[in-house]
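Novice: Give me a 3D structure for the following:
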Amino acid sequence: MKNLFKLSFAAFCLILSVSASYAQGNECKSFKVGMYNVVNTLKMNVLIEKEKGVPLFVTLRDEDNKVIHRQVMSRKSTLVGQKLDFAETEDGNYFLTISDGENEIVKEIKLNTKQIVEIPSRALVAVN
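Specialist: Numbers count the residues shown, from 1 in each chain. Model prediction:
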């Protein structure tokens, strides 16, 4: 029972994985984006650093291209942190798009809370 709990916990930690598809790498001339999931939760932290005077448009869409969240970042701010909560969201692929009108970065978020993965007693797992 204890091992099953450990396996389930390890699977849960690996469930919310982020892979990125890049328009022009992870950085554009006017902004940079970083993302990571909060341990033991279904929350994702998004950190955006941008130049002053440039507005940014942040959009979260599902697989069907339906807009789930939309936000416009002020021209005055240079560093913004945002938490996305996927607790009430169905499993699937989601796409976070950050754009300044010219450049765009798209990050893919794969949410799978129902998958149970058996992990050997000693394993090295790398997620890109």
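Novice: Would you mind listing where this protein has pLDDT under the threshold?
Specialist: Counting by pLDDT under 70, the chain contains low-confidence ranges at 1-27, 115-128.
Novice: can you give me the strands for it?
Specialist: Counting by DSSP state E, the chain has strands at residues 17-21, 31-37, 43-50, 56-61, 67-73, 79-85, 92-99, 104-111.
Novice: Assess the claim that residue 59 and residue 105 are in contact.
Specialist: No. Applying Cβ atoms under 8 Å, one finds residue 59 not in contact with residue 105, separated by 11.4 Å. Just so you know, the C-beta spots here come from the backbone N, C-alpha and C atoms, and that holds for glycine as well.
Novice: Looking only at neighbour counts, state which of the two leads.
Specialist: residue 105 (22 against 16; other Cβ atoms under 10 Å).
Novice: Please report how far the more buried one lies from residue 88.
Specialist: 25 Å (Cβ to Cβ, to the nearest Å).
Novice: Can you give me the neighbour number for residue 55?
Specialist: Neighbours of residue 55 (other Cβ under 10 Å): 15.
Novice: can you start the count at 9 instead of 1 from here on
Specialist: Okay, residue one is now 9; in that scheme the one you just asked about reads as residue 63.
Novice: OK, contacts around the closest residue in space to residue 68 that isn't next to it in sequence?
Specialist: Using Cβ to Cβ, 6 or more residues apart in numbering and skipping the chain neighbours, the partner closest in space to residue 68 is residue 77 (4.1 Å). Residues near residue 77 by Cβ atoms under 8 Å, 6 or more residues apart in numbering: 66-68, 92.
Novice: same deal with residue 104?
Specialist: Listed by Cβ under 8 Å, 6+ apart, the contact set of residue 104 reads 43, 54, 66-68, 92, 114-117.
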